[in-house]
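In: I'd like to go over a predicted model; first the sequence, then the structure.
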Amino acid sequence: MLIDCDPGLDDAIAILTAAVVADLIGITTVNGNVGIEHTTHNALAIVETAGLDIPVHRGAERPLIADAVDAHHVHGATGLGSVDLPDVHRTVASHDAVGYILDMAAGVEGLHLVAMGPLTNIALAIQRDPGLPQRLSGITIMGGAAVGGNVTATAEFNIWADPEAAAMVFRDAAALTMVGLDVTHQVLLGATERDRMREAGFPAASLAADLLDYALERAGEMRGWAGAPIHDACAVVAATHPHLFDGDLRHVEIELHGRLTRGMTVVDQRGLSPLGPPDTNARTLVLHDVDTPAVVDTIVDAVLALRP
Ligand code: RIB
Ligand code: CA
């Protein structure tokens, strides 16, 4: 697995999860929740805190066309809430996330790419090598929603932050699994999960507990929820435990121009017509159901398995 991310509270927990449930070979960073300096520093801090020997490659510092945006109101000024990170000694392996993605796709058999931030790096990689999707065993993205949004009534942050990149990826990335808000809002981690990780008492578990604490506070303040959606960890588990999810092949396109709908994943729910010609555009597996308890346990058990 290769993760492209914008840490980010939930990206951080996703990285810890992937280190256990997958063979996580590398991380690339992108501008998203916070700026590229912070997302990259955070990725280095996460792998160092957890003692993971996983390279971090720095990527795009702004969207393809849209103005750079952020989500510090959700993730805090630095992107990891109010967590006091230890000094980071790790350094980035390169400033060429796109080149790293292409090299790994060419050299690693069965590589699965999980994108959990704006899709800028992925779009740039496909621009540079249109054959990229065929060299991967799959692409799973946390992003979009068949219904609704979180940044606007119709758009989810990762798509909204760089809709032109998302439009390219959904058009050119062939078989794609979309883990949208439809499922991630069903997978909330709460105080029970926080306490399980807090009680473990080793660095990675304490970091995850601190991150979840902050996410719980924001979820409570912003939505009155008692649990926090750990969106990105759902995408990791969807790639490694697909049997815990259910979805349909749908034609998905990204709205770029709508005043109220820019950044919307327009999911054609009409499905394949039994009478008409096959809808060859229905190539995105849009997930809509999830075994919530099993996914929650998979995430927490993975973090607890990082005990040094
Ligand atoms: O909308 C949720 C997504 O946006 C997650 O990936 C979160 O980290 C933010 O990037
Ligand atoms: Ca993210």
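Out: Thanks, I have the structure now. Residues are numbered from 1 along each chain as shown. Ligands and ions are numbered 1, 2, ... in the order given.
In: right, and ligand 1 sits closest to which residue of the stretch 201-308 of the chain?
Out: Minimum separation of the stretch 201-308 of the chain from ligand 1 (CB to the nearest ligand atom) falls at His231, amounting to 4.2 Å. Every residue, glycine included, has its C-beta placed from N, CA and C.
In: can you tell me the closest non-neighbouring residue to that residue?
Out: Thr184 (4.0 Å; CB to CB, 6 or more residues apart in numbering).
In: what do you get for Asp129?
Out: Leu102 (5.3 Å).
In: quick one, what contacts the residue of the stretch 201-308 of the chain closest to ligand 1?
Out: 10, 116, 142, 179, 181, 184 (CB atoms under 8 Å, 6 or more residues apart in numbering).
In: filter those down to the ones in strands?
Out: Counted as lying in strands by DSSP state E, out of the contacts of His231, are 142, 179.
In: restrict the contacts of His231 to those near ligand 2?
Out: Met116 (CB under 5 Å from the ion).
In: can you tell me how far the spatially most central residue of the chain is from Glu48?
Out: Central residue of the chain (CA atoms, centre = their mean): Met116, 1.8 Å from the mean position. Going from Met116 to Glu48 by CB to CB, to the nearest Å gives 20 Å.
In: roughly how far does the residue nearest to Asp129 sit from ligand 1?
Out: Counting by CB to the nearest ligand atom, to the nearest Å, the gap from Leu102 to ligand 1 is 23 Å.
In: ok, the closest residue in space to Leu181 that isn't next to it in sequence - how many residues close by?
Out: Nearest residue to Leu181, sequence neighbours excluded (CB to CB, 6+ apart): Ala145, at 3.9 Å. Ala145: 22 surrounding residues under other CB atoms under 10 Å.
In: state the pLDDT value of Ala145.
Out: Looking at Ala145, its pLDDT is 98.
In: same deal with Leu272?
Out: Reading off the model, Leu272 has pLDDT 65.
In: buried ones in stretch 63-81?
Out: With burial defined by 16 or more other CB atoms under 10 Å, the residues of stretch 63-81 counted as buried are 63-64, 66, 68-71, 74-76, 78-81.
In: which members of the contacts of His231 are the farthest-apart pair?
Out: Comparing every pair within the contacts of His231 by CB to CB identifies Met116 and Leu181 as the most remote, at 13.3 Å.
In: how about stretch 182-191, does it reach ligand 1?
Out: No. Counting by CB under 6 Å from any ligand atom, ligand 1 has no neighbours in stretch 182-191; the shortest distance is 7.1 Å.
In: doesn't Ala155 make contact with Gly149?
Out: Yes. Taking contacts as CB atoms under 8 Å, Gly149 lies within contact range of Ala155: 4.3 Å.
In: ok, the residue in the stretch 101-250 of the chain that ligand 1 sits nearest to to Asn150 distance?
Out: Of all residues in the stretch 101-250 of the chain, Phe157 sits closest to ligand 1, at 3.6 Å by CB to the nearest ligand atom. Per CB to CB, Phe157 is found 6 Å from Asn150.
In: the residue nearest to His231: neighbour count?
Out: As a burial measure, Thr184 scores 26 neighbours (other CB under 10 Å).
In: look at it and report its pLDDT.
Out: Looking at Thr184, its pLDDT reads 98.
In: likewise for His243?
Out: pLDDT at His243 comes out at 98.
In: try Gly190
Out: On pLDDT, Gly190 comes in at 97.
In: contacting residues around the closest residue to Val267 other than its chain neighbours?
Out: Among residues not flanking Val267 along the chain, Ala146 sits closest, at 4.2 Å (CB to CB, 6+ apart). Contact analysis of Ala146 by CB under 8 Å, 6+ apart lists 180, 182, 250, 265, 267, 269, 286, 288.
In: any idea of the pLDDT on the residue nearest to the centre of the chain?
Out: Predicted confidence (pLDDT) for Met116: 98.
In: how about the helices in the stretch 101-250 of the chain?
Out: Counting by DSSP state H, counting those that start in this stretch, the stretch 101-250 of the chain has these helices, from start to end: 120-128, 132-135, 157-161, 163-172, 181-184, 191-200, 203-223, 231-240.
In: run the chain-centre distance for the last one.
Out: How far helix 231-240 lies from its chain's middle: 8 Å, per CA atoms, centre = their mean, to the nearest Å.
In: could you check the angle helix 203-223 makes with it?
Out: Put simply, helix 231-240 runs at 120 degrees to helix 203-223, going by axes from the mean of the first three to the mean of the last three CA atoms, to 10 degrees.
In: show the average pLDDT along helix 231-240.
Out: The model assigns helix 231-240 a mean pLDDT of 98.
In: ok, back up a step: can you list residues touching both of Gly149 and Ala155?
Out: Shared contacts of Gly149 and Ala155 (CB under 8 Å, 6+ apart): 263-264.
In: fine, thanks again, bye for now.
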